[in-house]
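J.: predicted model and sequence below, questions to follow.
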Amino acid sequence: MAKEIEISMLPELAFDDASINRAVQEQVGKTEFSSYRIIRRSIDARHRQVRFILKLFIYQKGEEIPPLFVPIEYSRVSNPKGIVVIVGAGPAGLFAALKCIELGFKPIVLERGKDVRQRRRDLAAIHKEHLVNPDSNYCFGEGGAGTYSDGKLYTRSTKRGDVGAVLETLVQFGASPEILIEAHPHIGTNKLPSIIAAIRSQIIDSGGEVYFNTRVTDIQLRGNEIEFLLTSDGHKFKGDSYLFATGHSARDIYELMESKRIEIEFKPFALGVRAEHPQCIIDRQQYHCEVRPEILPPAAYSLVHQVNNRGVYSFCMCPGGIIAPCATAQDEIVTNGWSPSKRNNPWANSGIVVPVLWEDLKKYHQHGALAGMRFQADVEHMAWLAGGKTQAAPAQRLIDFVDNKASQDLPDCSYQPGIVPVSLNQVLPPFISAHLKEGFKAFGKKMKGYYTNDAVLVAPESRTSSPVRMPRDKESLRHIRIKNLYPVGEGAGYAGGIVSAAIDGQKVVSMIATQLD
């Protein structure tokens with residue numbers, strides 16, 4: 001039977017088979033094993049000498065080594081047990097569709113945006129021409145926001161479902177097997193599109209349907225059930241169940257649900273800025289060296305500080321990354337971050353954000369469940385005005401922001417539409433600015449070199465999560481009133497990233513199967 005052990009290795013030895021073999025022999029003896037498999041690799045940078053911690057299964061001579069994982073065989077759904085209409089082709093929607101096929105249901109996926117190949121042209125138009133297609137951008141299109149949000153696969157949602165199964169599915173469709181062992185797995189925005197396209201091909205090959213440029217414009221109700229969905233091209237789509245996996249930016253869907261008196265509710269979210277540093281600053285601090293050895297990946301960080309009983313914290317940290325223009329309308333600025341698979345850009349960026357609570361939105365309470373969404377939209381519109389009514393984003397050097405000092409110039413920045421020197425006090429609500437300033441000062445004490453004017457703040461980071469929740473019953477996972485509607489993933493307020501959204505999509509389909517069988 002395989003035995004689990006843990007060994008600590010110098011970085012230059014941690015990827016060398018002979019060195020790992022010697023380290024295992026020193027711990028368990030030559031006669032105790034004949035082979036090993038790494039099951040987890042993590043970096044320990046707590047001490048001056050950075051090391052890799054490897055968890056391994058070791059196998060005795062003659063012991064059968066099981067396969068890394070067993071791929072799922074997706075049969076063609078020729079006589080489906082039922083039809084599930086899925087709104088949104090992000091991680092929640094796509095993994096829900098795969099689970100439908102696995103359990104014998106036919107998925108029909110409706111995506112308002114374009115497929116990944118055509119979507120790239122619209123992204124290029126944002127960068128070069130400052131033109132935002134409201135249906136095809138960094139948030140909308142095949143793969144959803146997850147396709148262009150770095151591909152980070154780390155999640156704390158282990159209690160929600162099988163994280164390993166999600167990672168194995170991604171490997172089955174083209175991701176590196178390394179994501180199965182890395183403590184903080186990452187695919188890279190450059191590699192995600194081909195994986196997403198492979199998943200779509202499997203859905204279609206198995207008898208499912210996928211429609212692009214197909215935005216839901218109306219929900220036809222009959223009593224407390226959906227009768228059909230009407231889309232922008234005039235088609236009606238009918239199913240036994242309807243999954244809304246619309247993503248955190250589908251404001252028109254929230255407005256449609258409110259107009260149909262389908263219950264939605266305000267959900268706290270977070271808002272702030274993207275902070276971008278030269279990657280070398282982060283490397284020096286985290287790895288305790290002047291120049292990062294090539295064997296080590298660009299360093300990341302995670303920071304949090306309590307200001308007046310409210311956390312200021314880092315969000316979606318992207319080592320070797322890029323700040324991306326993620327607006328979904330022409331008259332707004334939205335920033336997010338991503339990294340390529342090699343994380344080889346010279347900058348490190350992270351959202352630094354502050355929670356937005358119901359009590360912060362007194363001016364917006366008249367909007368009810370949409371209060372947070374209206375507040376979010378107003379901040380994004382203010383940023384667009386401050387930046388000159390283009391996709392150039394308002395920005396300020398870090399210390400200048402804290403000291404309420406105008407930045408006369410700005411450092412080089414990865415945000416391709418460009419940045420404009422603006423006092424961020426003109427863009428951010430006062431309570432957000434005040435909390436950020438205290439947070440940045442505290443971060444400077446926690447991480448040497450972090451508090452510097454070589455860092456630039458780009459505003460706003462406003463789409464951290466959905467400002468609206470579609471309430472669902474805890475037992476059945478149905479919407480609390482519409483009995484064949486199943487809210488899913490980030491847009492419904494039940495996930496916060498690729499893996500947790502995928503888990504939620506799978507979990508809801510499994511529940512549907514128990515109800516329709």
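T.: Yep, that arrived. Quick caveat, the model's predicted, so the values are computed rather than measured.

J.: per-residue pLDDT, the residue lying closest to Q330 once chain neighbours are set aside?
T.: Distances taken as CB to CB, 6 or more residues apart in numbering put V132 closest to Q330, at 4.9 Å, once the chain neighbours are dropped. Every C-beta, even on glycine, is put in place using the N, C-alpha and C of the backbone. Note on V132: pLDDT of 98.

J.: surely V132 and A327 touch.
T.: Yes. Counting by CB atoms under 8 Å, V132 does reach A327; the two are 5.0 Å apart.

J.: okay, and the common contacts of those two?
T.: 126, 391 (CB atoms under 8 Å, 6 or more residues apart in numbering).

J.: tell me which of those two has more neighbours.
T.: A327 (26 against 22; other CB atoms under 10 Å).

J.: find the nearest non-adjacent residue to that one, please.
T.: V334 (4.6 Å).

J.: burial of the one you found, as a residue count?
T.: Neighbour tally, V334, other CB under 10 Å: 28.

J.: ok, it - contacts?
T.: Contacts of V334 by CB under 8 Å, 6+ apart are 325-328, 380, 460, 462-463.

J.: repeat that with 7 Å
T.: 326-327, 380, 460, 462-463 (CB atoms under 7 Å, 6 or more residues apart in numbering).

J.: among those, which lie within strands?
T.: Taking DSSP state E as the definition of strands, the contacts of V334 contribute P460.

J.: can you lay out the contacts of V334 as CSV showing pLDDT?
T.: Output for the contacts of V334, formatted as CSV (pLDDT from 0 to 100):
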residue, pLDDT
C326, 96
A327, 97
E380, 98
P460, 98
S462, 98
R463, 96
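
J.: of the contacts of V334, which is the most crowded?
T.: Neighbour max across the contacts of V334 (other CB under 10 Å) = S462, 30 neighbours.

J.: now do the contacts for it.
T.: 271, 334, 376, 379-380.

J.: give me the phi and psi for it.
T.: phi -130, psi -10 (degrees, to the nearest 10).

J.: gap between V420 and L385?
T.: Per CB to CB, to the nearest Å, V420 is found 11 Å from L385.

J.: my bad, should have said L10
T.: Taking CB to CB, one finds L10 at 53 Å from L385.

J.: so, low pLDDT: which residues of the stretch 51-200 of the chain?
T.: 149-151, 154-161 (pLDDT under 70).

J.: make it 90
T.: Filtered on pLDDT under 90, the stretch 51-200 of the chain yields the residue ranges 60-68, 145-162, 184-191.

J.: where do the strands sit along it?
T.: 51-59, 83-87, 106-110 (DSSP state E, counting those that start in this stretch).

J.: L410 is nearest to which of the ones you listed?
T.: strand 51-59 (37.4 Å; CB to CB).

J.: convert the C-alpha atoms of that closest one to CSV, please.
T.: Provided in CSV are the C-alpha atoms of strand 51-59 (Å, rounded to 0.1, in the frame of the first residue of the first chain):
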residue,chain,number,x,y,z
ARG,A,51,12.7,25.5,0.0
PHE,A,52,10.2,23.3,-1.8
ILE,A,53,8.0,21.0,0.3
LEU,A,54,7.1,17.8,-1.6
LYS,A,55,4.4,15.4,-0.5
LEU,A,56,4.8,12.0,-2.1
PHE,A,57,3.3,8.6,-2.3
ILE,A,58,6.1,6.0,-2.2
TYR,A,59,5.6,2.5,-3.6
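
J.: buried residues in that strand, which are they?
T.: 51-52, 54-59 (16 or more other CB atoms under 10 Å).

J.: partners of that strand in the sheet?
T.: strand 3-9 (antiparallel), strand 35-44 (antiparallel) (DSSP bridges).

J.: how near is A96 to T335?
T.: 29 Å.

J.: so which of those two has more stuff around it?
T.: A count of neighbours by other CB under 10 Å puts A96 above the other of A96 and T335, at 32 against 29.

J.: so F95 sits against G505, correct?
T.: Yes. F95 lies in contact with G505 (CB atoms under 7 Å); the separation is 4.3 Å.

J.: of those two, which one has the most company?
T.: Comparing F95 with G505 by other CB under 10 Å, the one with more neighbours is G505, at 32 against 29.

J.: against P185, how distant is that one?
T.: The gap separating G505 from P185 is 19 Å, by CB to CB.

J.: on that earlier part again, contact partners for the residue nearest to Q330?
T.: Per CB under 7 Å, 6+ apart, neighbours of V132: 126, 327-330.

J.: same thing but at 8 Å, please
T.: V132 neighbours (CB under 8 Å, 6+ apart): 125-126, 327-330, 391.

J.: ditto for L398
T.: Contacts of L398 by CB under 8 Å, 6+ apart are 275, 440, 451-453, 455-457.

J.: redo the residues you listed as TSV? Include pLDDT, secondary structure and distance to A369.
T.: Output for these, formatted as TSV (pLDDT from 0 to 100; DSSP: H, G, I helix; E, B strand; the rest coil; distance: CB to CB, whole Å):
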residue	pLDDT	secondary structure	distance to A369
A275	98	strand	31
F440	98	helix	33
Y451	98	coil	39
T452	98	coil	41
N453	98	coil	41
A455	98	coil	37
V456	98	strand	35
L457	98	strand	31
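
J.: just the buried residues of the residues you listed.
T.: For the contacts of L398, buried by 16+ other CB under 10 Å: 275, 440, 451, 453, 455-457.

J.: now for those residues: which two are most distant?
T.: Top of the distance list for the buried ones among the contacts of L398 (CB to CB): Y451 and V456, 13.2 Å.

J.: is it true that A502 touches F95?
T.: Yes. The pair A502 / F95 is scored as a contact, 3.9 Å apart, by CB under 8 Å.

J.: tell me what Q396 is bridged to.
T.: Beta-bridge partners, per DSSP bridges, of Q396: L457.

J.: ok, it touching F440?
T.: No. If you go by CB under 8 Å, Q396 and F440 don't touch, sitting 11.4 Å apart.

J.: G146 and I282: what is the separation?
T.: Taking CB to CB, one finds G146 at 24 Å from I282.

J.: out of those two, which sits in the busier spot?
T.: Applying other CB under 10 Å to G146 and I282 shows that G146 carries more neighbours, namely 27 against 24.

J.: quick one: residues contacting the more buried one.
T.: 90-91, 192, 497-498, 501.

J.: R51 too?
T.: R51 touches 8-11, 14, 43-44, counting by CB under 8 Å, 6+ apart.
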